[in-house]
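S.K.: Generate coordinates for the sequence data below:
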Amino acid sequence: MNNAIVIGAGPAGLSGAISMAQQGLKVTVIDEYMKAGGRLLGQLYEEPTGGWWNGVKESANLYNSALSLGVDFKLSTPVSNIEKIDGQWVVYTNEHTYTTPNLLLATGAAELPIPIPGWTLPGVMSVGAAQVMTNVHRVKPGNKGVIVGVNVLSSAIAMELKIANIEVACIALPRLTKVSEETGNPLTVMNSLLNVAHMAPSQLVKMGSKLMKNDFLKKMGITFYPKKGMKMWDIPIMLRKAVIEIYGNNSVDGVILADISPSGEIIPGTETKISADFVCIAGGLYPLAELAALAGCPFHWIEELGGYVPLHNEKMETVLDGLYVAGNITGIEGAKIAIKQGHLAGLTIANKNYHGKLEQEIQDALQQLNSTRENAFIQFHPDINIGKQKLQQYWIKHQQDIKLVKN
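M.R.: Next comes the predicted model:
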């Protein structure tokens with residue numbers, strides 16, 4: 001029997017498996033993809049130090065470290081269900097059923113779609129798909145593209161496409177609807193864009209972002225934002241134009257853009273066309289937590305974390321005995337933070353197995369996690385610490401409620 005099973009071979013899952021294996025635990029990692037690494041595989045960007053963060057190499061290093069420690073991998077293996085029977089977690093896959101006393105869910109995040117007329121045409125894809133095609137499979141999604149959705153993820157991937165010598169005509173907003181209420185509102189989007197302004201090569205953009213500290217200046221910035229956009233990495237970022245349609249006969253030929261007001265309403269008569277042979281839709285990310293829901297773990301909606309997250313404490317323990325979480329299932333953050341969370345979760349599981357002998361190691365891991373979060377180069381949500389505080393308040397209340405029921 002496994003001492004622990006990890007579902008998800010991304011940065012959090014790999015790191016968690018390594019930490020447990022280093023403590024002598026027998027660990028199996030299950031993932032539906034054919035290769036370990038998860039979203040880490042697609043990442044490629046220059047860091048403030050001048051070095052490069054290469055997700056393919058980082059994934060290989062983690063995977064090889066896990067293999068050298070005896071971690072067993074079941075790749076190309078989707079998990080269909082989990083449940084607890086007689087004190088053991090039972091994991092159902094398409095080939096076998098596995099049991100374990102400790103289960104770490106490191107399932108990551110999924111992309112939010114934005115419905116746009118014409119989005120079923122060949123050549124329309126999620127921005128994450130374009131990232132994987134380019135950085136993992138070394139296949140160009142096209143020669144000239146348009147990205148719909150201005151956020152941290154789309155901005156970072158646009159930079160990666162430029163590095164691969166793929167032309168990005170522009171990044172524009174989707175049309176404002178009830179579905180795209182957050183992603184189609186220029187003021188809301190500006191707050192997100194300010195979180196990646198430090199990555200821009202333009203000193204003008206960097207300086208301008210530092211001035212946008214209060215709501216009044218942000219509203220003024222949106223009102224006078226150039227209709228042609230401001231360039232980052234030579235890509236026009238358009239906060240006053242929206243993609244209202246993707247057109248083409250048998251595949252993408254381009255998009256139709258329209259000017260929008262500072263509040264996001266379409267201005268009639270301003271429609272223009274931009275030619276393109278592929279379109280990326282970037283609606284953002286949300287925690288992929290269906291398996292935690294199947295297990296019966298309670299959830300809370302925390303906007304600062306990107307959606308519904310399973311209730312857990314700072315040591316990555318859920319309220320269900322033997323069930324742990326790490327990575328983007330706990331809130332949308334970067335790969336380096338996911339690695340630290342996986343390490344912490346692995347130590348917490350090993351500590352349970354060794355009756356509390358690893359408390360100092362856990363405290364050190366917590367400190368490393370907080371430091372990594374504080375110095376994160378890319379922040380998907382500016383108020384992540386507020387979200388984490390809310391989550392801990394929910395945890396404290398849950399523990400208090402349990403005591404009341406017992407008494």
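
S.K.: ok, the residue lying closest to N54 once chain neighbours are set aside - how many residues close by?
M.R.: Excluding its sequence neighbours, the residue lying closest to N54 (Cβ to Cβ, 6 or more residues apart in numbering) is L44, at 5.7 Å. Where C-beta positions appear, they are placed from N, C-alpha and C, glycine not excepted. Using other Cβ atoms under 10 Å, L44 has 21 other residues around it.

S.K.: From V132, how far off is L44?
M.R.: Relative to V132, L44 is positioned 11 Å away (Cβ to Cβ, to the nearest Å).

S.K.: Likewise for Q363?
M.R.: Distance from Q363 to V132, by Cβ to Cβ: 37 Å.

S.K.: Settle it for me: which of those two has more neighbours?
M.R.: V132 (18 against 13).

S.K.: Where does that one sit: helix, strand or coil?
M.R.: V132 falls in the helix class when you classify it by DSSP: H, G, I helix; E, B strand; the rest coil.

S.K.: Which pLDDT value belongs to it?
M.R.: pLDDT, V132: 92.

S.K.: how much space is there between the closest residue in space to it that isn't next to it in sequence and P117?
M.R.: Distances taken as Cβ to Cβ, 6+ apart place G42 nearest to V132, at 4.8 Å, with adjacent residues excluded. In this view, G42 and P117 are 28 Å apart by Cβ to Cβ.

S.K.: what mean pLDDT does the longest helix anywhere in the chain have?
M.R.: Using DSSP state H to define each element, the chain has its longest helix at helix 384-406. Mean pLDDT, computed over helix 384-406, is 91.

S.K.: try stretch 86-100
M.R.: 95.

S.K.: Domain map for the chain?
M.R.: 4-110+286-406, 113-283 (automatic domain parsing).

S.K.: and these, which one is worst for confidence?
M.R.: Mean pLDDT, when computed for each of these, is lowest for domain 113-283, at a mean of 85.

S.K.: so how far is that domain from its chain's centroid?
M.R.: 18 Å (Cα atoms, centre = their mean, to the nearest Å).

S.K.: cool, and stretch 53-71?
M.R.: On Cα atoms, centre = their mean, the centre of stretch 53-71 falls 20 Å from that of its chain.

S.K.: List the buried residues in that stretch.
M.R.: 53, 55-56, 58-59, 62-63, 65-66, 69, 71 (16 or more other Cβ atoms under 10 Å).

S.K.: Mind putting those into TSV with distance to P78?
M.R.: Putting these into TSV (distance: Cβ to Cβ, whole Å) gives the following:
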residue	distance to P78
W53	29
G55	22
V56	23
E58	24
S59	20
L62	21
Y63	19
S65	25
A66	20
L69	25
V71	19
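
S.K.: Adding secondary structure, write those residues out as CSV.
M.R.: Below are those laid out as CSV (three-state DSSP):
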residue, secondary structure
W53, strand
G55, helix
V56, helix
E58, helix
S59, helix
L62, helix
Y63, helix
S65, helix
A66, helix
L69, coil
V71, coil
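
S.K.: Name the nearest of the residues you listed relative to T77.
M.R.: Each of these was scored against T77 by Cβ to Cβ, and V71 proved nearest at 14.4 Å.

S.K.: what sits against the closest residue to G342 other than its chain neighbours?
M.R.: The shortest distance from G342 to any non-neighbouring residue, by Cβ to Cβ, 6+ apart, is to S15 (3.2 Å). Contact partners of S15, counting by Cβ atoms under 8 Å, 6 or more residues apart in numbering, are 62, 326, 338-343, 346.

S.K.: ok, 6 Å please
M.R.: 339, 342-343 (Cβ atoms under 6 Å, 6 or more residues apart in numbering).

S.K.: what does V56 give?
M.R.: Per Cβ under 6 Å, 6+ apart, neighbours of V56: L41.

S.K.: do the same with L239
M.R.: Counting by Cβ under 6 Å, 6+ apart, L239 makes contact with 186, 225.

S.K.: Could you confirm it falls within a strand?
M.R.: Yes. Assigned with three-state DSSP, L239 falls within a strand.

S.K.: what's around E317, how many residues?
M.R.: Neighbour tally, E317, other Cβ under 10 Å: 19.

S.K.: ok, now the one 5 residues further on?
M.R.: A count of neighbours around G322, defined by other Cβ under 10 Å, yields 19.

S.K.: Next, find the distance separating it from I362.
M.R.: For G322 relative to I362 (Cβ to Cβ), the value is 17 Å.

S.K.: again with C170
M.R.: For C170 relative to I362 (Cβ to Cβ), the value is 47 Å.

S.K.: Then P78?
M.R.: 32 Å.

S.K.: likewise F380?
M.R.: For F380 relative to I362 (Cβ to Cβ), the value is 26 Å.

S.K.: In terms of neighbours, single out the busier of the two.
M.R.: F380 (24 against 19).

S.K.: Helix or strand for that one, just tell me which one.
M.R.: Following DSSP states H and E, there is no helix or strand that holds F380.

S.K.: which non-adjacent residue is nearest A164?
M.R.: T134 (4.9 Å).

S.K.: Quick one: neighbours of the one you found, just the number.
M.R.: T134 has 21 nearby residues by other Cβ under 10 Å.

S.K.: before we move on, back to that, settle it for me: which of G42 and P117 has more neighbours?
M.R.: More crowded of G42 and P117, by other Cβ under 10 Å: G42, with 22 against 13.

S.K.: Confirm for me that that one is in contact with T134.
M.R.: No. Counting by Cβ atoms under 6 Å, T134 is not a contact partner of G42; they are 7.7 Å apart.

S.K.: where's the residue nearest to G342, which helix or strand?
M.R.: Assigned by DSSP H and E, S15 falls in helix 11-22.

S.K.: now swap in I378 and tell me
M.R.: Per DSSP H and E, there is no helix or strand for I378.

S.K.: Look up how far A156 lies from the residue lying closest to it once chain neighbours are set aside.
M.R.: Nearest residue to I378 in three dimensions, chain neighbours excluded: G334, at 5.2 Å (Cβ to Cβ, 6+ apart). Distance, G334 to A156, by Cβ to Cβ: 10 Å.
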